[in-house]
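# let me see the structure of the following:
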Amino acid sequence: MSVQTDDEYSEFRRDLHRHPEPAWCEFYTTARIVEALRERDLDAIHVGPDALDEGSRRNVPDSDELAKWADRAREAGADPEVLDRLEGGYTGCVAVAERGDGPVVGLRVDIDGLPILESDEGDHEPVAEGFRSENEGYMHACGHDSHATIGLGTIDAVLDSDFSGTLKVFFQPGEEKIVGGKPMAESGLLDDVEYFYAVHIGLDHPSGEVVSGIDGFLAVNHFLAEFEGEPSHAGARPEQGRNTVQAMAAAIQNLYSIPRHADGATRVNAGLVGGGTATNIIPEESHIEGEVRGESTELADYMFDHAERILHSAAEMHDCEVDVTTMGAAPSATSDAALSDVIGEVARDVEGVTNVVESADLGGSEDATFMMDHVQDRGGLACYVGVGTDHPGGHHTSTFDVVESDIGIGIDVLSAAIRRVAETRP
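I've put the predicted structure just below:
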């Protein structure tokens with residue numbers, strides 16, 4: 001089988017771009033990927049529940065929301081048989097190619113979109129070229145459509161080479177909510193992986209630049225705190241109420257007072273808050289959706305321990321109850337120099353690469369770290385790779401886009417690295 005042309009990869013990426021879907025709702029995206037994988041000479045395609053550990057899933061939308069997105073995917077032409085296998089939001093898949101003796105090499109690419117309204121300005125490339133998001137209010141504003149395409153292209157390039165070993169490509173759902181990495185890591189499919197790469201396009205690195213090893217992952221815990229109290233008339237009987245907004249406000253103020261830690265950077269944010277129903281009713285329900293982060297997993301745990309204590313203390317102070325739930329989380333991770341060195345070596349020979357950066361900090365969080373840690377804990381090596389692109393708008397903005405030729409650079413670099421580690425394995 002011959003490797004596809006750039007035009008075919010562009011068509012695939014643009015199809016995904018037109019159909020962005022949020023975490024656990026990537027029905028069309030998964031079905032489209034599976035359709036493409038079935039055209040390849042693969043030994044296995046694990047779909048839906050076969051690719052995930054059910055007990056590790058978090059923050060799954062309710063059945064009505066899942067049904068809405070599944071129906072939308074069906075109307076867009078997704079394979080009904082694949083959609084049936086994804087029922088319940090078991091999105092994502094894993095492709096396996098066994099090519100003789102050699103190491104097991106893994107590649108992770110993420111596939112979900114974001115709840116962002118895409119620009120409709122004429123100078124926005126997806127508008128000008130006719131592939132703007134058709135799911136209004138959602139878009140691929142972080143390049144995951146490109147990541148999925150890199151995954152597909154890497155499979156093609158490896159299959160078209162003399163690679164000896166096993167390649168596993170993980171098309172992971174739910175990265176943006178930090179919920180898909182752990183279920184995929186604990187699926188069992190990662191247990192035998194000896195060398196593991198993850199990839200991201202952009203990250204404020206220009207076209208032609210490759211970062212051979214990204215570090216600086218902040219461990220993160222996304223939490224939901226739901227306060228419950230007692231309503232009453234705010235004018236006539238205020239003393240009979242138990243005011244959850246008071247509890248919520250006390251919690252927010254004190255969350256930002258958590259002491260910083262001498263061992264590294266820590267973060268806290270109450271990003272989405274609300275409560276109450278009317279100005280003359282003591283509010284009986286309020287909530288905080290927030291997050292804590294740390295330069296290491298231990299620092300994130302330190303922050304979350306303090307946050308839980310503060311949330312419960314604030315509730316008790318105002319005679320309310322609070323339920324604290326972790327909605328998504330990810331540990332920190334470090335790229336192994338032995339694998340990042342391979343990226344640096346092969347990238348310098350790839351057409352279009354003008355600069356190789358040995359290392360850079362992500363400065364945020366990523367749940368590929370679950371998969372990296374899983375491989376490393378079993379004696380393997382893992383590395384997170386950056387492929388630069390001149391994106392006109394920043395990540396998570398309405399004008400984000402990529403230079404499509406940079407997808408080819410990602411394919412060439414990763415496929416060459418995968419072949420190289422197979423050739424040089426001790």
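
# only C-alpha atoms for contact and neighbour calcs from this point on.
Noted.

# average model confidence for stretch 37-45?
Stretch 37-45 comes out with an average pLDDT of 98.

# tell me how many other residues crowd residue 380.
A count of nearby residues for residue 380, using other Cα atoms under 10 Å, gives 19.

# my guess is it contacts residue 194, does it?
Yes: at 4.5 Å, residue 380 and residue 194 qualify as touching, with contact defined as Cα atoms under 8 Å.

# buried residues, stretch 357-377. List them.
For stretch 357-377, a neighbour-count test (16 or more other Cα atoms under 10 Å) marks 359, 365-376 as buried.

# actually stretch 228-242, not the one I wrote
Along stretch 228-242, these residues count as buried under the neighbour rule (16+ other Cα under 10 Å): 228-232, 234, 241-242.

# which strand or helix spans the residue most central in space within the chain?
Nearest to the mean C-alpha position of the chain, by Cα atoms, centre = their mean, lies residue 175 at 1.6 Å. Mapping residue 175 onto the secondary structure by DSSP states H and E places it in no helix or strand at all.

# residue contacts, it?
Contacts for residue 175 (Cα atoms under 8 Å, 6 or more residues apart in numbering) come out as 23, 110-112, 181, 366-368.

# then residue 40?
Applying Cα under 8 Å, 6+ apart to residue 40 gives the contacts residue 156.

# and the next helix or strand past the helix or strand bottoming out on mean pLDDT in the chain?
Across the helices and strands of the chain, the lowest-confidence element by mean pLDDT, DSSP states H and E is strand 360-361, at a mean of 92. Going down the chain from strand 360-361, the next helix or strand is helix 368-377, by DSSP H and E.

# neighbouring contacts of that following helix?
Helix 368-377 has contacts (Cα under 8 Å, 6+ apart) with 108, 175, 181-182, 184-185, 190-191, 193-196, 198, 217, 330-333, 381-383.

# now with 6 Å?
The contact list for helix 368-377 (Cα atoms under 6 Å, 6 or more residues apart in numbering) reads 181-182, 185, 333, 382.

# ok, stretch 292-312 next?
The contact list for stretch 292-312 (Cα under 6 Å, 6+ apart) reads 218-221, 251, 264-268, 331-332.

# switch the cut-off to 8 Å
By Cα under 8 Å, 6+ apart, the residues outside stretch 292-312 that reach it are 216-222, 225, 248, 251, 254-255, 258, 261, 263-269, 321-322, 324, 331-332.

# chain center to it, what's the gap?
21 Å (Cα atoms, centre = their mean, to the nearest Å).

# rewinding a little: report the two of the buried residues of stretch 357-377 separated the most.
Spatial extent of the buried residues of stretch 357-377 (Cα to Cα) is set by the pair 359 and 374 at 21.5 Å.

# hmm, back to that, can I get the buried residues of stretch 357-377 in a markdown table including pLDDT?
Output for the buried residues of stretch 357-377, formatted as a markdown table (pLDDT from 0 to 100):
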| residue | pLDDT |
| --- | --- |
| 359 | 92 |
| 365 | 93 |
| 366 | 95 |
| 367 | 96 |
| 368 | 97 |
| 369 | 97 |
| 370 | 97 |
| 371 | 98 |
| 372 | 98 |
| 373 | 97 |
| 374 | 98 |
| 375 | 98 |
| 376 | 98 |
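
# which of those residues lies closest to residue 56?
Using Cα to Cα, residue 370 comes nearest to residue 56 of those, at 11.6 Å.

# isn't residue 383 right up against residue 197?
Yes: proximity of residue 383 to residue 197 meets the contact threshold set by Cα under 8 Å, at 5.0 Å.

# and the residue nearest to the centre of the chain, how close does it get to residue 21?
To residue 21, residue 175 is 12 Å away according to Cα to Cα, to the nearest Å.

# now the common contact residues for these two.
By Cα under 8 Å, 6+ apart, the residues touching both residue 175 and residue 21 are residue 112.

# doesn't residue 254 belong to a helix?
Yes: assessed with DSSP: H, G, I helix; E, B strand; the rest coil, residue 254 lies in a helix.
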